[in-house]
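Undergrad: Build me a model:
(chains A and B)
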Amino acid sequence: MEKYTAIARSKEFKKLKRAKLVFIWPIVILFLLYYLTLPLMAGYARPLMSSFVTGHITFGYLYGVFFYLVAWALAYLYVRKARKFDERARAIIDPYTRKKGA
Amino acid sequence: MDVHLFGIFLFVAIVGLTMYLTYRASKRNKSTTDFYAAGRSLTGWQNGLAIAGDYLSAASFLGIAGLVALNGYDGFMYAVGWLMGYIVVLYIVAEPLRNSGKYTMADVLAYRLKPIPVRTTAAIVTIVISLFYMVAQMVGAGVIIQLLVGIPYEVSVLIIGVLMIIYVLFGGMLATSWVQIIKAVLLMFATITVILFLAFLYDFNPSQLFGAVAETNGVKFLQPGLLYNNPIDLVSLGIALVLGTAGLPHILIRFYTVPSAQEARKSVIWAMVLIGAFYVMITFVGFGAAVHVGPEVIRAADSGGNMAAPLLAQYLGGGAGTVGGEFFMATIAAVSFATIVAVVAGLVITASGAFAHDIYTNVIKRGQADEKKQFRVARNTALVVGAASILIGVLAKGQNVAYLVALAFAVAASANLPVIIFSIYWRRFNTTGAVAGMLVGLISAVTLVMLGPSVMQENAIFPLANPGIISVPLGFVTSVLFTLLSKPDPLDDKYDELSVKANTGLGTET
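TA: As a prediction, the model looks like this:
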């Protein structure tokens, strides 16, 4: 299992891991806090949430539906970013996988 | 055509199709990898549909439509949280889990921690979550099928139980996945049909529908406050939903059915599209029911609101007593039935894996059981779990168990998610921290619900119905504190191995 230790200690792997952490965690934590604004607004900002924006559509409804759009947008962002991480990961393990096949 | 006959025809068609797929799958159900993980043969989109089929329970379809129909905006707001947890699944859990595990959630923890204690604890948590979920499904199923088809509660539970046992026992994860895929397609199709009928009535303009809601039920229906008056309780529920999805064992094991982390990623995307679209649509179904059926009629049919969607479908088809109306209603009943069997079958596999793979194979036999024996034990366990579920379902008749689904999410968020995250991302994390975190997360979530208004009604000692706001931080803090207060595990290079595997997919189970 030395190959795992060797990879784990390599500079490229450490950089990849760090890049992933820096990308993943701020987004997830901010998103969680953002989501909790929905119940808080519904509880403490009722006049705003009850106000009509267009026709019979309330601000509260638009605020709620916007979460779906944000979630889908973040999913799209993740897929784009993950493809780049995939490439870097493949480059790191390439020497080890080729040896195995030979 | 006799309307009743049509309902029976649909029911037989669904059972027939799923039985045929189970028969096909049974020929490929020869090993533990087939049984637990469908031979890792599913593609991303297939698994995405199966995740949606696993996740969207009758409680979502009938329950949330009812919640919106009876409570307007608050029901809609409740529905929003159900998609948001998938961001955590996608960003943090799905790919590392797929890369480093084999069959169960505990595989990931046992990789770098001391296997015996973490597997035992994780298996207990998995079984408890699956049990809560199962009881809620079984009791709901009994009631709903009784309402929709008119057969007695006990018979409904028995039929569903026997079907789920057949799918799992003979077809394993492959058959279960296909039952879930079919269910997801039927559910989306039925929901889209209802929405289209509704859309024609309102010229495809949501504002018109909302106007009709305000006219028939008062403007209060479009505003927050009809159902929830304690924002802290809602925040607490929100925490459990958003963090619990990524800790639900029956969702996590679905990622082992695909061959790679890339396919696991694709499956979350597919699931997010379907689940999100479903929850956006279900709000309109609920609003439509509020206008065209009315809260009084819905409440009279079922006080929990479960009949809102079926009654709306009946109205859109032409009304009670008309061929179209009964045809629509029968379709919704058949879809609800498919929904229930798909979810419970997934739960049976999950609980069986926790017992057979984690406890039997890896704790009792210390990983020394041969493949044939493991496969046999897995199937026997599924039979026992299935039979026990039927029994519990019958015994729990008449109990108010709706809170058990939210409790399952709270346990998943408090006991599972912290240790999954720390196992993958924190080198110093150790066995003591994991075991303590899981136990404290589990016990605090369950105890707070037992002391809360869901169980003790007006005598509640704990004021909130949802324990998440206390139990989730408790799970995280306990894991950290017990880790820091105890010695590191002497398995440091195992963390390197896990980390490389999780991040690159090198040497992953295929």
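
Undergrad: ok, the closest residue to chain A within the stretch 351-500 of chain B - contacts?
TA: Going by CB to the nearest CB, chain A is nearest to B:D496 of the stretch 351-500 of chain B, at 3.6 Å. (C-beta placed from N, C-alpha, C; glycine too.) Residues in contact with B:D496 (CB atoms under 8 Å, 6 or more residues apart in numbering or on different chains) are A:4-5, A:8-9.

Undergrad: now these in a markdown table, with distance to chain B?
TA: Below are these laid out as a markdown table (distance: CB to the nearest CB, whole Å):
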| residue | distance to chain B |
| --- | --- |
| A:Y4 | 4 |
| A:T5 | 5 |
| A:A8 | 4 |
| A:R9 | 8 |
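
Undergrad: Weed out the non-buried ones from these.
TA: With burial judged by 16 or more other CB atoms under 10 Å in any protein chain shown, the buried subset of the contacts of B:D496 is A:4, A:8.

Undergrad: Could you look up the SS state of the closest residue in space to B:F422 that isn't next to it in sequence?
TA: Spatial nearest neighbour of B:F422, excluding adjacent residues (CB to CB, 6 or more residues apart in numbering or on different chains): B:F429 at 4.1 Å. With DSSP: H, G, I helix; E, B strand; the rest coil as the basis, B:F429 sits in coil.

Undergrad: Show the contacting residues for B:P206.
TA: Applying CB under 8 Å, 6+ apart, the residues near B:P206 are A:57, B:284.

Undergrad: Quick check, the residue in chain A closest to chain B?
TA: For chain A, CB to the nearest CB, closest residue to chain B: A:G43, 2.4 Å.

Undergrad: any residue of the helix ranked longest in chain A up close to chain B?
TA: Looking across chain A with DSSP state H, the single longest helix is helix A:59-101. Yes: Helix A:59-101 comes into contact with chain B (CB under 8 Å from any CB of the partner chain), by way of A:60-61, A:64-65, A:67-68, A:71-72, A:74-75, A:78-79, A:82, A:86, A:89-90, A:92-93, A:96-97.

Undergrad: coming back round to it: take the contacts of B:D496 and keep only those in strands.
TA: Judged by DSSP state E, the contacts of B:D496 include no members of strands.

Undergrad: Just put the contacts of B:D496 in TSV and tack on pLDDT.
TA: Conversion of the contacts of B:D496 to TSV gives the following (pLDDT from 0 to 100):
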residue	pLDDT
A:Y4	88
A:T5	88
A:A8	88
A:R9	88
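
Undergrad: does residue 22 belong to a helix or a strand, and which?
TA: If you meant another chain, say so; for now it's chain A. helix A:11-44 (DSSP states H and E).

Undergrad: that answer is for a different chain, and I need it for chain B
TA: helix B:3-26.

Undergrad: same question, B:Y36
TA: Assigned by DSSP H and E, B:Y36 belongs to helix B:32-37.

Undergrad: what's downstream of that helix, the next helix or strand?
TA: Next along from helix B:32-37, by DSSP H and E: helix B:44-55.

Undergrad: ok, that next one near chain A or not?
TA: No: using CB under 8 Å from any CB, helix B:44-55 stays clear of chain A, coming no nearer than 11.0 Å.

Undergrad: Output that helix as PDB, restricted to C-alpha atoms.
TA: Only the C-alpha atoms of helix B:44-55 are listed here, as PDB (Å, rounded to 0.1, in the frame of the first residue of the first chain):
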ATOM      1  CA  GLY B  44     -25.900   7.600 -13.600                       C
ATOM      2  CA  TRP B  45     -29.400   8.400 -14.900                       C
ATOM      3  CA  GLN B  46     -30.800   5.100 -13.900                       C
ATOM      4  CA  ASN B  47     -29.500   5.600 -10.400                       C
ATOM      5  CA  GLY B  48     -30.700   9.200 -10.400                       C
ATOM      6  CA  LEU B  49     -34.200   8.000 -11.100                       C
ATOM      7  CA  ALA B  50     -33.900   5.300  -8.500                       C
ATOM      8  CA  ILE B  51     -32.800   7.900  -5.900                       C
ATOM      9  CA  ALA B  52     -35.800  10.000  -6.700                       C
ATOM     10  CA  GLY B  53     -38.000   6.800  -6.500                       C
ATOM     11  CA  ASP B  54     -36.400   6.000  -3.100                       C
ATOM     12  CA  TYR B  55     -36.700   9.500  -1.700                       C
END
